[in-house]
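1. let me see the structure of the following:
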Amino acid sequence: MAAVTEMQKIGLGLMGFGVFFLIFGVLLYFDSVLLAFGNILFLSGLMLIVGVRRTSTFFFQRHKLRGSFFFLGGVSLVLCRWPITGLLAESYGFMLLFRSFFPMALSFVLSAVNIPFLQAMFPSSSSMV
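-> Numbering: from 1, shown residues only. Here you go, the predicted model:
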């Protein structure tokens, strides 16, 4: 198992605060300052966890340019105080960037039914009687 460096720990904290500010900004009726702060914290945390070079190669792959354009364009729209339009563009770009990841995540969630702890919490009966 790989060791987690101090920069990755800081990046994880920044991403956590970024997600918190994004959720809080949406709950407060799309407050553009909180959303912009959340976007900046999230992206800087991502760069600290993964690394600047790997982050840039992920966003600027040839087949992901459209998703990167919408995602980073949405971030810039939020920074320009157009929060609803920016979040819509960000979410569309997020879907384009991570569409290859969604089937794997769905299969993981569906396989979680076979975990004994979850089976005890959510018993399922297959009988129709």
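
2. can you pull out the low-pLDDT segments for the chain?
-> Within the chain, the stretches with pLDDT under 70 are 113, 118-119, 122-129.

3. what's next to the lengthiest helix in the chain, contact-wise?
-> Secondary structure assigned by DSSP state H gives helix 6-27 as the longest helix of the chain. By Cβ atoms under 8 Å, 6 or more residues apart in numbering, the surrounding residues in contact with helix 6-27 are 31-35, 37-50, 83, 87. Placement of C-beta: from N, CA and C, glycine included.

4. name the next helix or strand downstream of the strand or helix carrying S44, please.
-> Assessed by DSSP states H and E, S44 sits inside helix 32-50. On the C-terminal side of helix 32-50, the nearest following helix or strand under DSSP H and E is helix 52-59.

5. pretty sure V50 sits against F58.
-> Yes. V50 lies in contact with F58 (Cβ atoms under 8 Å); the separation is 7.5 Å.

6. residues contacting Y92?
-> Shown in contact with Y92 (Cβ under 8 Å, 6+ apart): F70, G74.

7. how far away is it from F42?
-> Using Cβ to Cβ, to the nearest Å, one obtains 17 Å as the distance from Y92 to F42.

8. can you report how many residues neighbour F70?
-> 20 (other Cβ atoms under 10 Å).

9. contacts only, for V78.
-> By Cβ under 8 Å, 6+ apart, the contact set of V78 is S32, L35, A36, N39, G86, L87, E90.

10. and with 6 Å instead?
-> Shown here is V78, whose contacts under the criterion Cβ atoms under 6 Å, 6 or more residues apart in numbering are L35, A36, N39, G86.
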